[in-house]
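*Asks:* following is a predicted model, sequence given first.
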Amino acid sequence: MKRITAPVISNRSLMPETYLLEVDAPPIAAEARPGQFCMVHCGEGYFLRRPLSIHRAADGLAFWLRVVGRGSAALAGLHPGDKVDIIGPLGNGYSVRPGARSLLLVAGGMGAAPLAFLARKALREERSVTLVIGGRTRTQIYPVEMLPAGLHVVVVTEDGSQGEKGLLTDFLPGLVRNADQIFSCGPVAMYRAMRQIVVDRPVQVSMEAWMGCGMGACYACTTLTRQGPKQVCRDGPVFDIQDILWDEI
Ligand code: FES
């Protein structure tokens, strides 16, 4: 884990209210694994940092950023050459079994950001990878043209404006059959549904939580697991789907 002041390489809006922020941070990029995140300072006048999932860690460190408040709006306003204070990589990241040849990645909305990083790594390791991305409408779907070649992509929108029409979870029963391991990033409601559908495959989910410190000190991100309370920032954000006490969180 490193703390560095990194220059912004680029910052572009590719979807409504969503930005691809790329910074020059070789020491963090060199260590980063799919599923890990960084705590990013929003600039002068802001106390708390924002947790951002790592989207790419080659030729720069990239994050997808959704504007949800003043802090993320400040980050969205960064320009090339501006400096940003970053701590990372943090958290455990996804863990792919050596023998897993066929991976299914399940992304709800912005969940495609860390899963695209995992897909790139798994394809380099010559695994077969399917990414299913779901959203309410096409403006919530990660730009498919930016995904790596060789990846099998399934898009599902609730209004049918892109890809298949319906809920992402409607399509899971058919997709899980060939998967040795499943990795997901999305809302808790999606994880609850997946838990009912995928009963005979290992599933790792990335939990979202409000974070203060990002390093296990403030306990703001506590979630409940079969092993007791755990910190999403330090013990996660990736957990086995069977370990979370879904009825108590
Ligand atoms: Fe402080 Fe996790 S954010 S303990």
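*Replies:* Nice, I can see it. Residues are numbered from 1 along each chain as shown.

*Asks:* pLDDT weak spots in the protein?
*Replies:* For the chain, not a single residue meets the criterion pLDDT under 70.

*Asks:* most residues in a single strand of it, which one?
*Replies:* When the chain is parsed with DSSP state E, its longest strand is strand 2-15.

*Asks:* can you list contacts of the longest helix seen in the chain?
*Replies:* Ranked by number of residues, the top helix in the chain under DSSP state H is helix 112-124. Here helix 112-124 makes contact (C-beta atoms under 8 Å, 6 or more residues apart in numbering) with 34-35, 37, 53-57, 63-64, 94, 96, 103, 105-107, 129, 131, 133, 141-142, 146-148, 150-151, 183-185, 206. (C-beta placed from N, C-alpha, C; glycine too.)

*Asks:* repeat the analysis, applying 6 Å as the threshold.
*Replies:* 34-35, 53, 55-56, 64, 94, 103, 105, 107, 129, 131, 133, 142, 148, 150-151, 185 (C-beta atoms under 6 Å, 6 or more residues apart in numbering).

*Asks:* next one: stretch 131-149
*Replies:* 14, 16, 105-109, 112, 119-120, 123, 151, 153-159, 161-162, 168.

*Asks:* from those, keep the buried residues only.
*Replies:* 105-109, 112, 119-120, 123, 151, 153-157, 162, 168 (16 or more other C-beta atoms under 10 Å).

*Asks:* quick one: which of the residues you listed sit in helices?
*Replies:* Short answer: the buried ones among the contacts of stretch 131-149 in helices (DSSP H) are A112, A119, R120, L123, L168.

*Asks:* with distance to R70 added, can I get these in a markdown table?
*Replies:* Below are these laid out as a markdown table (distance: C-beta to C-beta, whole Å):
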| residue | distance to R70 |
| --- | --- |
| A112 | 25 |
| A119 | 32 |
| R120 | 32 |
| L123 | 38 |
| L168 | 31 |
